[in-house]
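**Student:** Give me coordinates for this.
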Amino acid sequence: MQLLHLFLSALPLITATPLPVEKTSGSGEATYYDPGLGACGNVHGPADLIAAVAISRGKGECGKKIRITRGDKNVDVVIQDLCQGCKEDDVDLTPGAFQQLGSLDEGRVKCTWKYI
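**Tutor:** Reported below is the predicted structural model:
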């Protein structure tokens, strides 16, 4: 009986830990790079509509599709690589994908993204 009382008195101390919420969108910067063999194991060229994301997001991102938006322009890409110099919400694009958002001369532009 004392054990049951002890257990019941400890119940208010037991709290549920919320599960992590998977991020579905972000806001960062888009840059471009010269692709080749990506971290996801596939070879791509400069015209392919692919992206690299921050290493911290991991290989679990491979194959996911995202829509990147800059103003009234957007491009849909598949994540196929990881980017060592990218911040958490940055995306590194192939030249072909980047040019759908702006000129290569710009080099780095603000953008938003979301999974599609």
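**Student:** right, and the helix or strand after the worst-scoring helix or strand of the chain on mean pLDDT?
**Tutor:** One helix or strand of the chain scores below all others by mean pLDDT, DSSP states H and E: helix 2-10, with a mean of 53. Sequence order places strand 25-32 as the next helix or strand after helix 2-10, per DSSP states H and E.
**Student:** Which elements pack onto that next one?
**Tutor:** Using 3 or more CB pairs under 8 Å, 6 or more residues apart in numbering; DSSP states H and E, the elements in contact with strand 25-32 are strand 91-93, helix 95-98, strand 109-115. C-beta here means a position set from N, CA and C on the backbone, and glycine is covered the same way.
**Student:** go with 10 Å
**Tutor:** Helices and strands touching strand 25-32, by 3 or more CB pairs under 10 Å, 6 or more residues apart in numbering; DSSP states H and E, are strand 50-54, strand 65-70, strand 73-83, strand 91-93, helix 95-98, strand 109-115.
**Student:** In the last one, which residues are buried?
**Tutor:** By neighbour count with 16 or more other CB atoms under 10 Å, strand 109-115 contains the buried residues 109, 111, 113.
**Student:** Enumerate every residue touching the residue nearest the centre of the chain.
**Tutor:** The residue lying closest to the centre of the chain (CA atoms, centre = their mean) is residue 53, at 5.3 Å. Counting by CB atoms under 10 Å, 6 or more residues apart in numbering, residue 53 touches 26, 28, 39, 61-62, 64, 66, 79-83, 86, 88-92, 113.
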